[in-house]
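Colleague: Sequence and predicted structure are below.
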Amino acid sequence: MKRSLILLGCLLGLSVLVGCSTPQTRIRSNPELFNGLAAQDQELIKQGKVAVGFTPEMVKLAVGEPDRVYTRTDVNGQNEAWVYTSYSSRGGTMVYYRGFYHRRHPGMYAYFSDYSDREVVERYRVTFKDGKVSAIEEMTGD
């Protein structure tokens with residue numbers, strides 16, 4: 001019994017580590033792209049930040065896969081926006097969009113919070129025009 005509990009604990013710990021996504025883990029998974037970037041861009045990506053002019057691949061290194069993708073067409077042409085969300089509950093718990101709590105991995109949040117009580121909040125939006133970041137919107141305050 002004790003051995004089974006230890007094995008279960010190890011498996012749970014491993015699943016938490018696998019579910020986490022940070023700029024460092026994304027850089028390790030794509031070192032060729034990262035090493036080919038300017039030092040200034042590398043520093044921003046390490047900090048999980050995005051800058052105007054970044055390519056989609058650079059944005060993914062910095063902040064990961066988007067939660068939603070929108071395409072907008074207007075008189076100036078077409079652009080694409082990547083949206084990153086966080087989740088809050090009536091109890092005030094804020095869970096950020098990165099890593100373990102990403103939309104594809106509900107993780108512990110699903111176990112410790114009333115999932116139906118969840119509110120999805122757009123926290124970060126990156127807009128692309130002609131394959132480069134043209135605008136960054138970040139929610140400030142509550």
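Modeller: Sure thing, it's come through.

Colleague: mind listing the helices for the chain?
Modeller: Along the chain, the stretches classed as helices by DSSP state H are 2-19, 23-29, 31-35, 39-46, 56-63, 109-112.

Colleague: among the helices and strands of the chain, which has the poorest mean pLDDT?
Modeller: helix 109-112 (a mean of 44; mean pLDDT, DSSP states H and E).

Colleague: got the contact list for Q42?
Modeller: F34 (CB atoms under 8 Å, 6 or more residues apart in numbering). The C-beta positions use only the backbone N, C-alpha and C, and glycine is treated the same way.

Colleague: what's the distance between it and G141?
Modeller: 30 Å (CB to CB, to the nearest Å).

Colleague: what's the model's confidence in stretch 85-93, averaged?
Modeller: Taken as a whole, stretch 85-93 has an average pLDDT of 65.

Colleague: likewise stretch 43-58?
Modeller: 97.

Colleague: Show residues contacting that stretch.
Modeller: Residues from elsewhere that reach stretch 43-58, judged by CB under 8 Å, 6+ apart: 22-24, 27, 30, 33-34, 37, 41, 59, 61-63, 82, 98, 126, 128, 131-136.

Colleague: let's go with 6 Å and repeat that
Modeller: Applying CB atoms under 6 Å, 6 or more residues apart in numbering, the external contacts of stretch 43-58 come out as P23, L33, V59, L61, A62, V63, V126, K132, V133, I136.

Colleague: Produce a ChimeraX select command limited to the buried residues of the residues you listed.
Modeller: In ChimeraX, a selection of the buried entries from those looks like this (16 or more other CB atoms under 10 Å):
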select :23,33,59,61,62,63,126,133
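
Colleague: ok, I136 - contacts?
Modeller: By CB under 6 Å, 6+ apart, the residues touching I136 are V50, V126.

Colleague: please redo it, this time with the cut-off set to 8 Å
Modeller: So I136 contacts V50, A51, V52, Y124, R125, V126, T127 (CB under 8 Å, 6+ apart).
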